[in-house]
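K.L.:
return a 3D structure for these sequence lines:
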Amino acid sequence: MEENVPVNGAADKIAEIYRMYFADVYKFVYRKIPNKQVAEDIVQDTFLLAMKKSGEILKHPNPKAWLMCTARYKIMELSRSMKRWDIAYLEDCSELEESSRHFERIELELTALATISKEEWDMIKQYYLYGTTIAELAEAEGITENYLRVRLSRLRKKLRDGMEGKDRLS
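P.N.:
The predicted model follows:
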């Protein structure tokens, strides 16, 4: 099967078609597959095929319809290959991302507790994660606000040094 390769002014006409219809084709694909990278890949494949078959698309009475139809076939092609390989749609990756964030929090917690005490880590979390004010923390600890600021600064440095040491060991 011989493909039409663009000649002379055909590349300029394809570039014009690209500028005119890219946004429409992308919106169409993204509505079907709400994953930015996959949608971009399908649109890229669609326009690559348009470039290869420039003679066909340039003679077509409705180039936008040609592009939409090609994009729809590219989506169906992806769907078939995913079923063949028994791969779940990428929109299901949110569960994996949440799991990854959970493990990152656990790793942070373990690294912090290997460097500072649980009480110190709780103080850091109260201030930086939960928004407890310096005044509230100082009162709860029974120390002055200035001393609490110094203590938080020292704990941050201790954590930073501990985490840098962990990175060097990895």
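K.L.:
contacts and neighbour counts: CA atoms only from here.
P.N.:
Will do.
K.L.:
what sits up against the helix ranked longest in the chain?
P.N.:
Longest helix of the chain, by residue count under DSSP state H: helix 145-169. Contacting residues not belonging to helix 145-169 are listed as 111-112, 115-116, 120, 124, 134-135, 137-138 [CA atoms under 8 Å, 6 or more residues apart in numbering].
K.L.:
how far does it sit from the chain's center?
P.N.:
Taking CA atoms, centre = their mean, to the nearest Å, one finds the center of helix 145-169 at 30 Å from the center of the full chain.
K.L.:
that older thread, where's the dip in pLDDT among the contacts of helix 145-169?
P.N.:
Looking at these by pLDDT, the weakest one is residue 111, with 79.
K.L.:
can you pull out the helices in the chain?
P.N.:
10-32, 36-52, 54-59, 63-84, 94-115, 118-128, 134-141, 145-169.
K.L.:
columns mean neighbour count on top of those, output as TSV?
P.N.:
Converted to TSV, the helices of the chain look like this (neighbours: other CA atoms under 10 Å):
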stretch	mean neighbour count
helix 10-32	16
helix 36-52	18
helix 54-59	17
helix 63-84	16
helix 94-115	13
helix 118-128	15
helix 134-141	14
helix 145-169	14
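K.L.:
residue 26 is in contact with residue 39, isn't it?
P.N.:
Yes - the criterion here is CA atoms under 8 Å, and residue 26 meets it with residue 39 at 6.8 Å.
K.L.:
just to revisit the earlier point, wait, which of the contacts of helix 145-169 is closest to residue 43?
P.N.:
residue 111 (43.3 Å; CA to CA).
K.L.:
against residue 138, how distant is the closest residue to residue 134 other than its chain neighbours?
P.N.:
Among residues not flanking residue 134 along the chain, residue 145 sits closest, at 6.1 Å (CA to CA, 6 or more residues apart in numbering). According to CA to CA, to the nearest Å, residue 145 stands 5 Å off from residue 138.
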